[in-house]
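Q: Generate coordinates for the sequence data below:
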Amino acid sequence: MATNKVERLMNLVICLLSTSQYLSADQIRSNVIGYQDSKSTEAFNRMFERDKNELRDLGIPVETGRTSGFSAVDGYRINRSEYELPDISLDPDEAAAVALAAALWDSPELAASSHSALMKLRAAGVQMDPGSAFDENSTAIHSSAPQGIGSPAVLGSLLAALDENRPVRFEHRPGPTSPHVTRTVEPWGVVTHLGRWYLVGHDRDRGQTRTFRLTRILSVTPFGKVGELTRPSNVDLRQIVADAVDRSGPVVTARVWVAEKRAAGLRRIATSTEPGEHAGRAGSILNIAMRSTDGLTRQVLGAGADALVLDPPELRDNVISELRTLRGAGR
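A: Now for the predicted structure:
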């Protein structure tokens, strides 16, 4: 059975992140689950080139270098110092990429494949970084699926359509309470913005460039012939999303206290921080650009007792209201 693209990309990330040495293309093809599906060296080279570009577009720093000091063969790895930055130093795109990888590595579907891939790498003589998240003596990664991604099946179908240059049809909900509407789109790419994931493409029904939040997409169906689309090369997908999202009006700055070394998700999206105490606990006061009251409410609730809204009043009232609802549901 062929390995789907999401699984192959995750296996590649695990491989390149788990070693300090540069791995040649031949080593990657032999040891990363998913590349054995390629029928020829040329097919593998095309697949691998697309995958490298996909990871770099997601903000994952794939580096190129010599496999050894005496070799002229190029190799590849992920620079851990650039990839695994402290939580408060990650920008939203990097944080979203890390969250995606962690969530998918922890899924039952990929856990066995990830372990198998690492065992094959060790058997092939690839040196694992001691103490890394993928070292055999380290604690396994555990994470809940990040809210900004939505369904892994949706993401997988979109990436497959992008890989094959095929249009897609899906059900999309324009707003949180709006009904789903069928959309037919020529996909150009999937990018992150402010911790959320978006599809960018040409909406055939409306004849316009549109963005779609992945959490509001259902049942993606690619159709048409493989290779029938040609994606434009002169467009900035991230800027398209930023322009679409930031049209909603002035951004309110929320001030949220978080306990020391806690609430990593809130720290990631903060624009600035300052020291602060609450009820005798050390912590920080975060300034956060609040583009969605409901979205920020969920993140504050997710931090539990380690977060407290200081301002604005509407956010604080929303959090209190949700807490009362949860308390009533638990009776």
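
Q: Touching, K225 and R166? I think so.
A: Yes - applying C-beta atoms under 8 Å, one finds K225 in contact with R166, separated by 7.2 Å. All C-beta spots, glycine's among them, are computed from the backbone N, C-alpha and C.

Q: These two - which one has more neighbours?
A: R166 (18 against 10; other C-beta atoms under 10 Å).

Q: Got the domain ranges for this structure?
A: Annotated domains of the chain cover 5-123, 152-247, 252-329 [automatic domain parsing].

Q: Need these in a markdown table (columns: mean pLDDT).
A: Shown next, in a markdown table, are the domains of the chain (pLDDT from 0 to 100):
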| stretch | mean pLDDT |
| --- | --- |
| domain 5-123 | 73 |
| domain 152-247 | 85 |
| domain 252-329 | 87 |
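
Q: burial count for N318?
A: N318 - counted by other C-beta under 10 Å - has 19 other residues nearby.

Q: Select the longest strand from this structure.
A: strand 181-193 (DSSP state E).

Q: the inter-axis angle of the helix or strand just after it versus strand 181-193?
A: Where DSSP states H and E defines the elements, the next helix or strand beyond strand 181-193 is strand 196-203. When axes from the mean of the first three to the mean of the last three C-alpha atoms, to 10 degrees is applied, the directions of strand 196-203 and strand 181-193 differ by 130 degrees.

Q: Buried by neighbour count: which residues of strand 196-203 qualify?
A: Neighbour-count burial for strand 196-203 flags 196-203 (criterion: 16 or more other C-beta atoms under 10 Å).

Q: Identify, from these, the entry nearest to L237.
A: For L237, the nearest member of the buried residues of strand 196-203 is V200. The distance, counting by C-beta to C-beta, is 4.7 Å.

Q: ok, that closest one touching A242?
A: No - contact criterion C-beta under 8 Å: V200 and A242 do not qualify, at 10.9 Å.

Q: give me the number of residues near the closest residue to V6 other than its chain neighbours?
A: The shortest distance from V6 to any non-neighbouring residue, by C-beta to C-beta, 6 or more residues apart in numbering, is to G156 (4.4 Å). By other C-beta under 10 Å, 17 other residues sit near G156.

Q: how many other residues sit next to T19?
A: By other C-beta under 10 Å, neighbour count at T19 equals 22.

Q: Was I right to think it contacts R77?
A: Yes - with contact defined as C-beta under 8 Å, T19 reaches R77; the gap is 6.1 Å.

Q: residues contacting P312?
A: 252, 254, 290 (C-beta atoms under 8 Å, 6 or more residues apart in numbering).

Q: again, 10 Å this time
A: 252-255, 290, 293, 318 (C-beta atoms under 10 Å, 6 or more residues apart in numbering).

Q: before we move on, the earlier item: report all helices and strands that the longest strand of the chain contacts.
A: Packing partners of strand 181-193 (3 or more C-beta pairs under 10 Å, 6 or more residues apart in numbering; DSSP states H and E): helix 41-57, helix 92-105, helix 152-164, strand 168-172, strand 196-203, strand 208-213, strand 217-222, helix 237-245.

Q: Convert the C-alpha atoms of that strand to CSV, please.
A: This file holds the C-alpha atoms of strand 181-193, laid out as CSV (Å, rounded to 0.1, in the frame of the first residue of the first chain):
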residue,chain,number,x,y,z
VAL,A,181,-21.3,25.8,1.0
THR,A,182,-19.7,23.7,-1.8
ARG,A,183,-16.6,25.3,-3.2
THR,A,184,-14.6,24.4,-6.3
VAL,A,185,-11.0,25.6,-6.0
GLU,A,186,-7.7,25.4,-7.9
PRO,A,187,-5.3,25.0,-4.9
TRP,A,188,-2.1,27.0,-4.9
GLY,A,189,-0.8,26.2,-1.5
VAL,A,190,-1.4,25.7,2.3
VAL,A,191,0.2,28.3,4.6
THR,A,192,0.0,29.4,8.2
HIS,A,193,-0.9,32.8,9.6
